[in-house]
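Chemist: model this:
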Amino acid sequence: LGVSDLQLLRKVGEGHPSEVWEAEVAGGQRVAAKRLKEWARTAGGSLTSERDWLCALDHPHILAYRGVVIEGDAVQWILTELMSGQRLSDMCRAGALPPPDALRLGIDVARGLQALHERSPPVMHRDLHSDNLLLAHDGRVVIADLGNAKEALPGARHNDPLIMFAYIKPPEVLAVSRDPTTGLGAKYGTAFDIFALGCMLIGMVVGLPCIETRDVSHRPADLRRACESIPPITPLLVAMLAEREESRPQAREVVSSLSAALKRV
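Modeler: Residues are numbered from 1 along each chain as shown. Reported below is the predicted structural model:
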């Protein structure tokens, strides 16, 4: 599509490097249109990587791709499924979610991660937080913002995704954050996302809408409060936040454990 094919209606979201609008394309279809802010484009930012991931993925719990708007040789806008406008952080703002709701939302996110992690090679999201988890009109939660996604190649070292909040970074990445002078990055894989989801579950269960901005030192106490709130998920949460990444469950196991817990609450 060209720029003239896109009619912007209203801004529905904004992050540090980008903004999202409700828009209409030729034929009357309503979509969400995302573009980088001018400073990000000037600094060399690009939506190409995110476009490529969205094109490659088709799953009910990953934001659905609808197209792009090209200007010159660059992707100016990514068009996706239009969400309700609510994010997970908005849903938690009133306090702790009822246990069944928290578990259902967690299952949706885990299913989206399963689709990423079970690709060949596996894909890490690397930016999973409550503002990137969106509510669809039919009640689904979908994972958005794949601009930082990366293949999890065995033994590969990756830089610290600096855009992530410290609270939801696993120990293997925090170590690099604290000593960036090595320049080598850290060896980490899909367990990175599992740790972040564990933190999101704590936020939903305990009622911390901006859990990402909390100090890392609060994690042990927050974990205890979450485990006391929904005892059936205690073993799962402890495993998801394990210090060693090989001790964390796979996304498929998280789906299974949360589904079993949902039947008991």
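
Chemist: which secondary structure element contains L79?
Modeler: Using DSSP states H and E, L79 maps to strand 74-80.

Chemist: Can you name the next helix or strand after that strand?
Modeler: Counting by DSSP H and E, the next helix or strand C-terminal to strand 74-80 is helix 88-92.

Chemist: Pull the following helix or strand past that following helix out as PDB, backbone CA atoms only.
Modeler: Sequence-wise, the next helix or strand downstream of helix 88-92 (DSSP H and E) is helix 99-117. In PDB, the C-alpha atoms belonging to helix 99-117 read as follows (Å, rounded to 0.1, in the frame of the first residue of the first chain):
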ATOM      1  CA  PRO A  99      -7.500 -16.100  39.900                       C
ATOM      2  CA  PRO A 100      -9.400 -17.700  37.000                       C
ATOM      3  CA  ASP A 101      -8.900 -14.500  34.900                       C
ATOM      4  CA  ALA A 102      -5.200 -14.400  35.700                       C
ATOM      5  CA  LEU A 103      -4.700 -18.000  34.800                       C
ATOM      6  CA  ARG A 104      -6.700 -17.700  31.500                       C
ATOM      7  CA  LEU A 105      -4.600 -14.700  30.500                       C
ATOM      8  CA  GLY A 106      -1.400 -16.500  31.400                       C
ATOM      9  CA  ILE A 107      -2.400 -19.500  29.300                       C
ATOM     10  CA  ASP A 108      -3.000 -17.300  26.200                       C
ATOM     11  CA  VAL A 109       0.400 -15.700  26.600                       C
ATOM     12  CA  ALA A 110       2.100 -19.100  27.100                       C
ATOM     13  CA  ARG A 111       0.400 -20.400  23.900                       C
ATOM     14  CA  GLY A 112       1.800 -17.500  22.000                       C
ATOM     15  CA  LEU A 113       5.300 -18.100  23.400                       C
ATOM     16  CA  GLN A 114       4.900 -21.800  22.500                       C
ATOM     17  CA  ALA A 115       4.300 -20.800  18.900                       C
ATOM     18  CA  LEU A 116       7.500 -18.800  18.900                       C
ATOM     19  CA  HIS A 117       9.700 -21.200  20.900                       C
END
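
Chemist: tell me which residues in helix 99-117 are buried?
Modeler: Buried positions in helix 99-117, judged by neighbour count with 16 or more other C-beta atoms under 10 Å: 99, 102-117. Bear in mind the C-beta positions are built from the backbone N, C-alpha and C, glycine included.

Chemist: quick one: that helix to chain centroid distance?
Modeler: 11 Å (C-alpha atoms, centre = their mean, to the nearest Å).
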